[in-house]
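Engineer: 3D, please:
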Amino acid sequence: MKITIKVTPRSSKNEVMGQMSDGVLKVKLTAPPVDGAANEALIELLSEYFKKPKSAFIIQKGARKRIKIIKIL
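Structural biologist: Down below sits the predicted model:
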């Protein structure tokens, strides 16, 4: 399964905001987009949200962008 996510880094808290009208999942992260910190925080948040291990999530596209495509194993 693949999902598209729009990340907002440097927010006040980590949370999944929900699905936007175009089907993109909006996520807020406290981590800055530096040295992969936001990507690590994203994987951890998705792991908690979907109740799957962190190893089940792979960033397929957009590792350095706000819009990401995540593959869930």
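Engineer: Enumerate every residue touching the residue most central in space within the chain.
Structural biologist: Most central in the chain under Cα atoms, centre = their mean is residue 42, positioned 3.9 Å from the mean C-alpha point. By Cβ atoms under 8 Å, 6 or more residues apart in numbering, residue 42 lies in contact with 5, 7, 27, 29, 59, 68. Where C-beta positions appear, they are placed from N, C-alpha and C, glycine not excepted.
Engineer: Would you agree residue 68 falls within a strand?
Structural biologist: Yes: assessed by DSSP: H, G, I helix; E, B strand; the rest coil, residue 68 belongs to a strand.
Engineer: Let's see which of the contacts of residue 42 end up in strands.
Structural biologist: Among the contacts of residue 42, the ones falling in strands (DSSP state E) are 5, 7, 27, 59, 68.
Engineer: What about the residues you listed, which one has the most neighbours?
Structural biologist: Within these, most neighbours by other Cβ atoms under 10 Å means residue 27, with 25 neighbours.
Engineer: That one contacts residue 9, correct?
Structural biologist: No: using Cβ atoms under 8 Å, residue 27 is not in contact with residue 9; the gap is 9.6 Å.
Engineer: Quick check: residue 40 is in a strand.
Structural biologist: No: Residue 40: not assigned to a strand; according to three-state DSSP it is helix.
Engineer: Would you check how far apart the residue of the chain positioned farthest from its centre and residue 35 are?
Structural biologist: Distance from the centre of the chain peaks at residue 21, with 17.5 Å (Cα atoms, centre = their mean). The gap separating residue 21 from residue 35 is 33 Å, by Cβ to Cβ, to the nearest Å.
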